[in-house]
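# pasting the structure only:
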């Protein structure tokens, strides 16, 4: 059965508005009906619609002009033009301006149901395609939540219990433990699974752009804003917004996020109109938010709003029984991707991966196995195929040693991060911005 749509009706005839509203509401859709373009735009700014029925003649105004205006405000909306004065010319012009379909009056309930059902299927497909595109950008082995560790199993069970609710979930744990995998699982276990999930890596986006990325902006809101941007919140209407490493969220953005969590309202940059959105929040952090609250770097009221259901994902070193199964999953995937026939790990390699502390957790393990598969030349990975950082070295690396610059950089970043209380502190010591450190850390699997 097609999913429920949020539909806007714009028609100056009272009977048409009532008939269409009754027909669509009977099918389970949410309907708002107005009589003129001004009210239509007001509703469009207040709510997020999937579909709109627009009459071509709205008193003294032309409904054709409303098509591009609605699409500018909500690029995803599907507009169906309805008119008692149907012609080939008006149909062609409506399609040229971006209408999804054209319906001549008088129409029957069956025609409306068929058309709305088709639009609902298109919206579902668009959501699925967007999810597939995101999955393709995250090329890697299938993300599965499986564990033989009791602590990890307990967290998984709590996540399954929390998923069907509308409560905010705060995922805590070290970098690379799989908090993003948990967030996707919670979304997929929830009633919002058929709707979009947007992922916002807070440290990876410069703070001056993060507010626009989340809440959107209007054309001309700032230098470089050459077109309207609906923002991630609007784009995942009915779905889930995942804020990764929320502890690094700029203080100014924290206030706007708090308002959205409390009232489900927000404004786009450069616009004073309050908008509403139905979006669930899942947040993740590797920082101690309570310490940041005490330091004045994180809003206390926002912390308590986020800390409704808190799940702490254990680091890989605390669940050693998962290391080899994960290694074999990664080995199978990267062998297939790189067209190699590597079937396992030598005994020395197995001992090395189990005994290593994995400060970068699952992400570091994934990167280590990928590197080993690429460099390995036998049907079994040997200890020497693994990164040097995993095998205990007899001597410490020194400046001037005959090693690649990337090796020196990786070890330096690891040591600085190990002695820093936060990503921002490490970035300050290294003399680079937080977004650059985020990318370097990801590339080294730290």
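Looks like it came in fine. Predicted, not measured: the structure shown is a model, and the values here were computed from it. Numbers count the residues shown, from 1 in each chain.

# which stretches of the stretch 1-150 of the chain have low pLDDT?
1-3, 131-144 (pLDDT under 70).

# go with 80
Applying pLDDT under 80 to the stretch 1-150 of the chain picks out residues 1-3, 86, 127-145.

# For it, which segments count as helices?
Using DSSP state H, counting those that start in this stretch, the helices of the stretch 1-150 of the chain run over residues 14-26, 37-46, 64-73, 88-96, 109-137, 150-162.

# next one: the stretch 201-350 of the chain
Counting by DSSP H, counting those that start in this stretch, the helices of the stretch 201-350 of the chain are 207-215, 231-235, 251-263, 289-294, 300-306, 323-337, 347-355.

# Point out the one among these that comes closest to residue 373.
Taking Cβ to Cβ, helix 323-337 is the member of the helices of the stretch 201-350 of the chain nearest to residue 373, at 4.1 Å. No exception for glycine: its C-beta is placed from N, CA and C like everyone else's.

# what packs against the closest one?
The contact analysis (3 or more Cβ pairs under 8 Å, 6 or more residues apart in numbering; DSSP states H and E) places helix 323-337 against strand 344-345, helix 347-355, helix 361-375.

# Show me which residues of it are buried.
323, 326-327, 329-335 (16 or more other Cβ atoms under 10 Å).

# do stretch 259-266 as well
For stretch 259-266, by 16+ other Cβ under 10 Å, it's 260-261, 266.

# just to revisit the earlier point, as JSON lines, the buried residues of helix 323-337 with pLDDT and distance to residue 210 would be great.
Compiled in JSON lines, these are given as follows (pLDDT from 0 to 100; distance: Cβ to Cβ, whole Å):
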{"residue": "323", "pLDDT": "94", "distance to residue 210": "35"}
{"residue": "326", "pLDDT": "93", "distance to residue 210": "32"}
{"residue": "327", "pLDDT": "93", "distance to residue 210": "36"}
{"residue": "329", "pLDDT": "92", "distance to residue 210": "34"}
{"residue": "330", "pLDDT": "92", "distance to residue 210": "32"}
{"residue": "331", "pLDDT": "93", "distance to residue 210": "37"}
{"residue": "332", "pLDDT": "91", "distance to residue 210": "37"}
{"residue": "333", "pLDDT": "90", "distance to residue 210": "33"}
{"residue": "334", "pLDDT": "91", "distance to residue 210": "33"}
{"residue": "335", "pLDDT": "91", "distance to residue 210": "39"}
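
# Including distance to residue 430 and mean neighbour count, could the helices of the stretch 1-150 of the chain go into TSV?
Below are these laid out as TSV (distance: least, Cβ to Cβ, whole Å; neighbours: other Cβ atoms under 10 Å):
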stretch	distance to residue 430	mean neighbour count
helix 14-26	57	15
helix 37-46	43	17
helix 64-73	42	18
helix 88-96	53	14
helix 109-137	27	14
helix 150-162	32	15
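
# can you tell which of those helices is closest to residue 438?
helix 109-137 (16.2 Å).

# ok now the closest one, how far from the chain's centre?
19 Å (Cα atoms, centre = their mean, to the nearest Å).

# go on, stretch 360-374?
On Cα atoms, centre = their mean, the centre of stretch 360-374 falls 24 Å from that of its chain.

# Could you check that stretch and say which residues are buried?
Neighbour-count burial for stretch 360-374 [16+ other Cβ under 10 Å]: 360-370, 372-373.

# The helices of the stretch 201-350 of the chain into CSV, with extra columns for distance to residue 37?
Shown next, in CSV, are these (distance: least, Cβ to Cβ, whole Å):
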stretch, distance to residue 37
helix 207-215, 25
helix 231-235, 21
helix 251-263, 27
helix 289-294, 46
helix 300-306, 37
helix 323-337, 53
helix 347-355, 64
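
# Out of the buried residues of stretch 360-374, which is nearest to residue 38?
residue 363 (51.4 Å).

# Nearest spatial neighbour of that closest one, chain-adjacent residues omitted?
Residue nearest to residue 363 in three dimensions, not counting chain neighbours: residue 176, with 3.4 Å by Cβ to Cβ, 6 or more residues apart in numbering.

# Any figure for the gap between the one you found and residue 366?
For residue 176, the distance to residue 366 (Cβ to Cβ, to the nearest Å) stands at 9 Å.

# Repeat that for residue 177.
12 Å.

# Equivalent analysis for residue 401, please.
The value you get for residue 401 to residue 366, if Cβ to Cβ is used, is 27 Å.

# quick revisit: tell me which of the helices of the stretch 201-350 of the chain lies nearest to residue 270.
Nearest to residue 270, of the helices of the stretch 201-350 of the chain and by Cβ to Cβ, is helix 207-215 at 9.2 Å.

# quick one, the closest one and helix 251-263 angle?
Between helix 207-215 and helix 251-263, the angle comes out at 20 degrees (axes from the mean of the first three to the mean of the last three Cα atoms, to 10 degrees).

# I'd like the distance from helix 207-215 to the chain centre, please.
Distance, centroid of helix 207-215 to centroid of chain: 14 Å (Cα atoms, centre = their mean).

# Now flag whichever of the buried residues of stretch 360-374 is closest to residue 199.
For the buried residues of stretch 360-374, the nearest to residue 199 is residue 363 (15.2 Å; Cβ to Cβ).

# Would you mind listing where the stretch 201-350 of the chain has pLDDT under the threshold?
Looking at the stretch 201-350 of the chain by pLDDT under 80, you get 207-208, 221-226.

# re earlier: going by secondary structure, the residue nearest to residue 363 is in what exactly?
In this structure, residue 176 sits in neither a helix nor a strand according to DSSP states H and E.

# and it, how many neighbours?
25 (other Cβ atoms under 10 Å).

# Was I right to think it contacts residue 367?
No. Using Cβ atoms under 8 Å, residue 176 makes no contact with residue 367, being 9.3 Å away.

# Tally up the residues packed near residue 416, please.
Residue 416 has 16 nearby residues by other Cβ under 10 Å.

# what's near enough to touch it?
Residues in contact with residue 416, defined by Cβ atoms under 8 Å, 6 or more residues apart in numbering, are 426, 429-430.

# Of those - the most surrounded one?
residue 426 (21 neighbours).

# contact partners of the helix or strand containing it?
Element membership for residue 426 (DSSP H and E) is helix 423-430. Outside helix 423-430, the residues within contact range by Cβ under 8 Å, 6+ apart are 203, 245, 248, 286-287, 412-413, 416-417, 420, 433-434, 436-438, 441.

# now the next helix or strand after it against helix 207-215, angle please.
Downstream of helix 423-430, the next assigned helix or strand under DSSP H and E is helix 434-444. If you take the same axes, to 10 degrees, helix 434-444 sits at 80 degrees to helix 207-215.
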